[in-house]
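>>> okay, here's the prediction I keep looking at, along with the sequence it came from:
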Amino acid sequence: MLMTRIIDLIKQHESYRRKCINLIPSENIMSVTARRALMSDLVHRYHHKDFYGGQKYIQEIIEETRELLSRLFNAKYAFPEPLSGNISLLSAIIALSEPGDKIALISPEDGGYPINLHPIHRRPIYLPYDKDIANIDVERSIEFIRREKPKIIILGASFILFPQPVKALSDVVKEIGAIMIYDASHVLGLIAGNQFQDPLRERADILLGSTHKTFPGPQGGVILTNNEELAEKIFEIIGFPPVLVDNPHINRIAALGITAQEMILYGESYAKEVIQVARMIAKNLHDRGIGVSFHEKGYTYSHQIWIRVSEDKGKEIKEKLEKARIIVDSGVRIGSQEITRRGISNEDLTIITEIISKIIKGEEPEKYSRDIILLVSKLNEIKYSLDKN
């Protein structure tokens, strides 16, 4: 009975989400081709070649995925083993610092990623941030880094509209002998498509993040670097014998490799369209009187736009929009990546933004659910994918 109930709930979930527009900036949709890898025989298998038999093709899959990721991000070393973006970051911190070391990062209050460093005995310190520009305050941060001398500086954020000042901070990072990590969880797909910034070329030591946000792969993580010494230290945490990851889920790695191939082929066009769609959503909402952040800066250089509301109002908007089958988060960050991959048209964007603006202004959301269901019914193909090859 338990399995019957779970299967039924899965079917209900899939039916429901097929009839919704998803604008959550931390989710995406995989191609059918990549999803097949998740459901393949690989889902049952381990990968330790020195102990388990049956590894004839598994090791080739892992190495091919490494090569595709290295090619895509122009990195010498690629680690597809982490099971999440958070595990990627935690692995790098443990590998490259010692207990008691200071770790400088963007505060969660300023849109940074929430991570609890106290159980691993690292000391979080927060980079000066300028809310007026939605970014790190470079001059104050240079002084802060010189004074505090953190072992690791982490750039990247959960709320991210504009490129981070990697190059501007790189000299002071090298001056104090620190390591710069760029957590690209939200913008990894835009970086892959050469449309946001190139942290490794801008002298970040490590590029890492989630593989299921703007990067349209399976839920998981990746770590990339060009530094051999740092790569060796990371392998001690990611490799064998295991510390944080034992079985990295070979089916996930295969799906990640397929997605990397899709991004090599189509990533630039996809990333350009993601940003264009985000800006179009922002302009449409702004023109309808909705308070979209940073109109004066072109709204965004990423997949996200922000609607200026209080925390309580954000939760209310999230709940009302869902009644119209429009899915957002309570931060009222709107993400363009999934609807871009579904092939959203300009006409449909106009319809969606008009509905969002009317609901925010107080109209009843339920009366628009049928319009959204009809709109979504037309989005049946995954663009920028290998599905037709």
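It's in.

>>> got the contact list for residue 304?
Going by CB atoms under 8 Å, 6 or more residues apart in numbering, residue 304 touches 25, 159-161, 186, 278, 333-335. All C-beta spots, glycine's among them, are computed from the backbone N, C-alpha and C.

>>> nearest to residue 362, of these?
residue 334 (18.9 Å; CB to CB).

>>> sorry, back to before: residue 90: which of the contacts of residue 304 is nearest?
residue 186 (17.4 Å).

>>> the closest one: neighbour count?
The number of residues packed near residue 186 is 28, by other CB atoms under 10 Å.

>>> same check, this time on residue 272
With neighbours defined by other CB under 10 Å, the count for residue 272 comes to 15.

>>> from what I can see it touches residue 195, true?
Yes: if you go by CB atoms under 8 Å, residue 272 and residue 195 touch, sitting 5.7 Å apart.

>>> buried stuff in the helix or strand hosting residue 278?
Using DSSP states H and E, residue 278 falls within helix 250-287. Of the residues in helix 250-287, 250-263, 266-267, 270-271, 273-275, 277-286 count as buried by neighbour count, 16 or more other CB atoms under 10 Å.

>>> how far off centre is that helix?
On the basis of CA atoms, centre = their mean, to the nearest Å, helix 250-287 sits 11 Å off its chain's mean C-alpha point.

>>> would you list every one of the helices in the stretch 51-200 of the chain?
58-73, 85-96, 138-148, 166-175, 188-192 (DSSP state H, counting those that start in this stretch).

>>> name the helices or strands packed onto the shortest one?
Same thing as helix 188-192. Counting contacts by 3 or more CB pairs under 8 Å, 6 or more residues apart in numbering; DSSP states H and E, helix 188-192 is packed against helix 58-73, strand 206-210, helix 250-287.

>>> go again with 7 Å.
Counting contacts by 3 or more CB pairs under 7 Å, 6 or more residues apart in numbering; DSSP states H and E, helix 188-192 is packed against helix 250-287.

>>> show me where the stretch 101-250 of the chain has its strands.
Under the criterion DSSP state E, counting those that start in this stretch, the stretch 101-250 of the chain carries strands at the ranges 102-105, 123-126, 129-130, 135-136, 152-155, 179-183, 206-210, 221-225.

>>> show me what the fifth one is in contact with.
The reference is to strand 152-155. With CB atoms under 7 Å, 6 or more residues apart in numbering as the test, strand 152-155 has contacts from 93, 96-97, 103-105, 145, 164, 166, 169, 173, 178-183.

>>> nothing else from me, thank you.
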